[in-house]
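**Student:** Here's a sequence, model it:
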Amino acid sequence: MKRDLEFAPPRASVRALLESRSLYAVALAVTAILAVYWTTAVSIVAIWIRSETFAHGFVIIPICGWLAWRKRDELAVIATRPWWPGSFVVLLAGTLWFVASKAGAVVVQQFALAFMLQGACVTIIGLAAARVLAFPLAFLLFAVPAGEFLVPTLMDWTAYFTVNALRATGVPVYREANFFVIPSGSWSVVEACSGVRYIIASLMVGTIYAAVAYRSAGRRAVFILASITVPIVANWLRAYMIVLLGHLSNNRIATGIDHIIYGWIFFGLVMLLLFWIASFWQEAGGIKKGEPQWTTETAAMNSAPFAPLACALMLAVAAAVVWRPVDALVGAKVAQGTPVLPKMKGAAGWSVSSGHAEWAPHYEGYAADLWQTFTDGSRDVDVYVAYYRKQTKGHELITSVNVLAEARGWKWKQVDQGLDEVEWNGRRTTVNRSDLVGQQDRIRVLSLYWIGGSVTSSAYMAKALQAWSNLRGHGDDAALVTMYTSTASDDGAATRTLRNFAKAMSPTIQTALRGAQESGR
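**Tutor:** Prediction:
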């Protein structure tokens, strides 16, 4: 007797999934891809371990599993059939990983690995099942520790709001970049004040809530957007209130560890308020009318035939792993020894001088560096070059830890930045301009990136040039070049001095960098 249509009983739906060959094919594909790209996977876990901002990464995989488990009844009645175009998605993700590897863009490599895993799943289970699992698959992207690039922008926004809010409430403020002084003391907006942790935590939790509490795409999108904007504004208010509390209490409260505690308490209250308001628009769960229901017959049809499933598995894995040997082959062509930066001689009225300014960039992991001082008889200019080769994690030119001045370091503070133009090796070139203040001096710094002979002021362009140089088999040699002099309360004179120096000495600096590139081969 034919059984009436009904939703899958819990045990039946679980049995149907466990008997599905597609589930085991997905597990094999994921295992194979992670095994081949284990270095990228390990780099993700390493950041989870060392960074409090991304410690939530350990719960992402279990949450993805739970979100998928909630869809078990729907999956039990869907016939999984391979979607062959999905292998092309895997191939594109592998291409992205390869290019990012040559550019030294670790975060992009990590996203590419996640895309490969997602593409492999879709290839094997097919579009129908992928639509059901769209949210769990998309949630996997939260495992990638990304977002720190937003820190400088968020710090600027927080400082701008705090300063203007203080002025609006009658507190006089003197501001230089993210440092400001009020009558009761000095304050600074550092990385922890950016609110990036609040935003990432809010976005992740908000995404889970949107998936569970709402069914319509519109309500989910609105709530996720609120999960981004609300913590940004809340962080502004948090920073303002902490400074105001410190000011009104003559710095007796909210100036130590307690201001971090106050911040998290305030953030928690704001998020509770957000979820409480959102609960009024919560939609009932369950299966919509007209959605497929479980029967013994449909459960039996769930799993794909063995032959096409095996082909889909092998095709997805092959599309992913093909780039690993290609990456190794290209890397083998550019194996080099330790570079040597030759000392530079003076030119066009500039001569080598003794002594150095107290400041040097906070750059780590370089293969070689050079620090020299030059004079034209009236003013001194210091040159610092940090040279990189065989760039790997911890030994990269462009990374968040490499900065001109540490935000937490009070010896030197970066109070202004922008762009300028100089004549570099006969061409008009854009450079980065920064003003730094020390305990006894103020300096103006012009800096640029040198990548295999080309120069740029953009970190993104430098990454692109590095990838192009690697792909052509020329290696990943790159350098930071900084030129700086004391402003002596005259920024215009300092800029003119640095421009004259760049025009006169850039050919010599280029020659030294070329010499380093040729050394160690």
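
**Student:** Domain boundaries for this structure, per the record?
**Tutor:** Annotated domains of the chain cover 10-146+285-332, 149-281, 351-518 [automatic domain parsing].

**Student:** Quick one: residues contacting the nearest residue to L237 once chain neighbours are set aside.
**Tutor:** Of all residues not flanking L237 in the chain, F266 sits nearest, at 7.5 Å (Cβ to Cβ, 6 or more residues apart in numbering). To be clear about C-beta, it is placed using only N, CA and C from the backbone, and glycine gets the same treatment. By Cβ atoms under 8 Å, 6 or more residues apart in numbering, the contact set of F266 is A234, L237, R238, M241.

**Student:** what secondary structure does F266 sit in?
**Tutor:** Per DSSP: H, G, I helix; E, B strand; the rest coil, the local secondary structure of F266 is helix.

**Student:** Check it and give its pLDDT.
**Tutor:** With respect to pLDDT, F266 scores 74.

**Student:** what about it, distance to Y240?
**Tutor:** According to Cβ to Cβ, to the nearest Å, F266 stands 11 Å off from Y240.

**Student:** Likewise for L113?
**Tutor:** In this view, L113 and Y240 are 40 Å apart by Cβ to Cβ.

**Student:** These two - which one has more neighbours?
**Tutor:** Neighbours were counted for L113 and for Y240 using other Cβ atoms under 10 Å; L113 has more, 27 against 19.

**Student:** Okay, that one and Y37: tell me how far apart.
**Tutor:** Per Cβ to Cβ, L113 is found 5 Å from Y37.

**Student:** any residues in contact with both of these two?
**Tutor:** Both L113 and Y37 are contacted by W97, under the criterion Cβ under 8 Å, 6+ apart.

**Student:** in the stretch 1-150 of the chain, what spans have low per-residue confidence?
**Tutor:** The stretch 1-150 of the chain contains residues with pLDDT under 70 at 1-20.

**Student:** ranges for the strands of it?
**Tutor:** Counting by DSSP state E, counting those that start in this stretch, the stretch 1-150 of the chain has no strands to list.

**Student:** low-confidence ranges in the chain?
**Tutor:** Counting by pLDDT under 70, the chain has low-confidence residues at 1-20, 251, 253-264, 283-304, 331-336, 355-356, 407-410, 488-491, 520-521.

**Student:** so where do the strands sit in the stretch 251-400 of the chain?
**Tutor:** According to DSSP E, counting those that start in this stretch, the strands that the stretch 251-400 of the chain contains are 351-353, 368-375, 380-388.

**Student:** Of all those, which one is nearest V30?
**Tutor:** Each of the strands of the stretch 251-400 of the chain has some distance to V30 by Cβ to Cβ; the shortest is strand 380-388, at 34.1 Å.

**Student:** which residues touch the very next helix or strand once past the closest one?
**Tutor:** Sequence order places strand 412-424 as the next helix or strand after strand 380-388, per DSSP states H and E. Strand 412-424 is contacted by residues 176-177, 179, 188, 359, 403-405, 428-438, 446, 448, 455, 457, 495, 498-499, 502-503, 506 when judged by Cβ under 8 Å, 6+ apart.

**Student:** and those, which are buried?
**Tutor:** Neighbour counting by 16 or more other Cβ atoms under 10 Å classes 177, 179, 188, 359, 404-405, 429, 431-438, 446, 448, 455, 457, 495, 498-499, 502, 506 among the contacts of strand 412-424 as buried.

**Student:** Identify those among these that sit within helices.
**Tutor:** Using DSSP state H, the subset of the buried ones among the contacts of strand 412-424 located in helices is T495, L498, R499, A502, S506.

**Student:** distance of V30 from W84?
**Tutor:** Separation of V30 from W84 (Cβ to Cβ) stands at 19 Å.

**Student:** Show me which of the two is the more surrounded one.
**Tutor:** Shown here are V30 and W84; by other Cβ under 10 Å, V30 has more neighbours (17 against 14).

**Student:** Nearest residue to the more buried one in space, please, no chain neighbours.
**Tutor:** Nearest residue to V30, sequence neighbours excluded (Cβ to Cβ, 6+ apart): L117, at 5.8 Å.

**Student:** dump the residue contacts of that neighbour.
**Tutor:** V30, I33, L34, L140.

**Student:** And the first one, how close does it get to G119?
**Tutor:** The one in question is V30. According to Cβ to Cβ, V30 and G119 sit 11 Å apart.

**Student:** Next: S486.
**Tutor:** Distance check for S486 against G119: by Cβ to Cβ, it reads 55 Å.

**Student:** the more surrounded of those two?
**Tutor:** Each of S486 and G119 has its neighbours counted (other Cβ under 10 Å); G119 has more, 27 against 20.

**Student:** Just to check, the more buried one is in contact with W84?
**Tutor:** No: using Cβ atoms under 8 Å, G119 is not in contact with W84, being 11.7 Å away.

**Student:** mind checking the SS state of G170?
**Tutor:** coil.

**Student:** which one is the most centrally placed residue in the chain nearest to, not counting chain neighbours?
**Tutor:** With distances taken as Cα atoms, centre = their mean, the chain has A146 as the residue nearest its mean C-alpha position (3.8 Å). The shortest distance from A146 to any non-neighbouring residue, by Cβ to Cβ, 6+ apart, is to V107 (5.2 Å).

**Student:** contacting residues for the one you found?
**Tutor:** V144, P145, A146.

**Student:** same deal with C64?
**Tutor:** Counted by Cβ under 8 Å, 6+ apart, C64 has contacts P136, L137, F139, L140.

**Student:** returning to that earlier point: please dump the domains of the chain into TSV; it should also carry distance to K345 for every row.
**Tutor:** Below are the domains of the chain laid out as TSV (distance: least, Cβ to Cβ, whole Å):
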stretch	distance to K345
domain 10-146+285-332	32
domain 149-281	36
domain 351-518	7
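
**Student:** Can you check which of these gets nearest to T338?
**Tutor:** Minimum separation from T338 across the domains of the chain (Cβ to Cβ) falls at domain 351-518, 6.1 Å.

**Student:** and the strands of the stretch 251-400 of the chain, which is most packed in?
**Tutor:** Highest mean neighbour count among the strands of the stretch 251-400 of the chain (mean count of other Cβ atoms under 10 Å): strand 380-388, with a mean of 23.

**Student:** any idea of the angle that one forms with strand 368-375?
**Tutor:** Computed by axes from the mean of the first three to the mean of the last three Cα atoms, to 10 degrees, the angle separating strand 380-388 from strand 368-375 equals 170 degrees.

**Student:** so what secondary structure elements neighbour strand 380-388?
**Tutor:** Counting by 3 or more Cβ pairs under 8 Å, 6 or more residues apart in numbering; DSSP states H and E, the packing neighbours recorded for strand 380-388 are strand 368-375, strand 478-486, helix 491-518.

**Student:** any chance of the ones you listed in TSV, plus distance to E74?
**Tutor:** Listed next are those as TSV, based on distance: least, Cβ to Cβ, whole Å:
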stretch	distance to E74
strand 368-375	59
strand 478-486	50
helix 491-518	58
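
**Student:** Please name whichever of the ones you listed is nearest to A68.
**Tutor:** strand 478-486 (42.4 Å).

**Student:** mind checking how far that closest one is from the chain centre?
**Tutor:** Taking Cα atoms, centre = their mean, to the nearest Å, one finds strand 478-486 lying 25 Å from the centre of the chain it belongs to.

**Student:** and that strand, what does it pack onto?
**Tutor:** Contacts defined by 3+ Cβ pairs under 8 Å, 6+ apart place strand 478-486 against strand 380-388, strand 442-451, helix 491-518.

**Student:** Looking at those, which is nearest to I199?
**Tutor:** For I199, the closest of the helices and strands packed on strand 478-486 is strand 442-451, at 28.9 Å, according to Cβ to Cβ.

**Student:** tell me the angle of that closest one relative to helix 491-518?
**Tutor:** 30 degrees.
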